[in-house]
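Undergrad: prediction below, plus the sequence it came from.
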Amino acid sequence: QLQLVESGGGLVQPGGSLRLSCAASGFTLDYYAIGWFRQAPGKEREGISCSSGSSISYAASVKGRFTISRDNAKNTMYLQMNSLKPEDTAVYYCAARLSPVCSWYDQDFGSWGQGTQVTVSS
């Protein structure tokens with residue numbers, strides 16, 4: 001059974017940093033495209049990053065501030081978020097696509113974590 005569990009959200013001041021974790025079980029991250037999405041109140045879910053193998057892409061809204069990394073031994077991916085802004089406030093999700101090809105569309109991802117709240121506020 002494929003399962004993703006996110007952790008690491010919280011409240012942070014503007015300009016601060018957070019690291020989100022996405023722990024996978026039931027499958028090996030290496031063989032799937034892993035996407036990070038976020039959904040702010042009243043807005044549609046937005047793809048912010050996708051990684052597959054050594055290929056990583058970032059949305060323009062987070063490029064240069066957010067970084068994806070992976071710990072294969074722990075079968076866990078991380079989203080390091082720096083220089084956070086109030087507009088980054090959202091529920092953040094990781095998702096797995098049963099394909100090595102990345103996508104920006106949430107309907108292409110079949111397994112989702114439960115989400116973790118990130119709030120950027122002073």
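TA: The structure has been received and is ready for your questions.
Undergrad: just the strands in this protein please.
TA: Along the chain, the segments classed as strands by DSSP state E run 3-7, 10-12, 18-25, 33-39, 46-52, 55-58, 66-71, 76-81, 90-97, 111-112, 116-120.
Undergrad: so which of those strands is nearest Tyr105?
TA: strand 46-52 (7.1 Å; CB to CB). Quick note: C-beta positions are derived from backbone N, CA and C, even for glycine.
Undergrad: how far does the closest one sit from the chain's center?
TA: Distance of strand 46-52 from the chain centroid (CA atoms, centre = their mean, to the nearest Å) equals 7 Å.
Undergrad: what's that strand packed up against?
TA: strand 33-39, strand 55-58, strand 66-71 (3 or more CB pairs under 8 Å, 6 or more residues apart in numbering; DSSP states H and E).
Undergrad: let me know the pLDDT of the residue nearest to the spatial centre of the chain.
TA: Central residue of the chain (CA atoms, centre = their mean): Trp36, 2.8 Å from the mean position. What the model reports as pLDDT for Trp36 is 97.
Undergrad: before we move on, the earlier item: export the helices and strands packed on strand 46-52 to JSON lines and tack on distance to Val5?
TA: Shown next, in JSON lines, are the helices and strands packed on strand 46-52 (distance: least, CB to CB, whole Å):
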{"stretch": "strand 33-39", "distance to Val5": "13"}
{"stretch": "strand 55-58", "distance to Val5": "21"}
{"stretch": "strand 66-71", "distance to Val5": "14"}
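Undergrad: next one: the closest residue to Leu98 other than its chain neighbours from Cys50, what distance?
TA: Nearest residue to Leu98, sequence neighbours excluded (CB to CB, 6 or more residues apart in numbering): Gly110, at 5.7 Å. Note on Gly110: its distance to Cys50, by CB to CB, to the nearest Å, is 14 Å.
Undergrad: could you report the neighbour count for the residue lying closest to Cys102 once chain neighbours are set aside?
TA: Leaving out its chain neighbours, the residue that sits closest to Cys102 by CB to CB, 6+ apart is Cys50, at 3.7 Å. Cys50 has 24 neighbouring residues, counting by other CB atoms under 10 Å.
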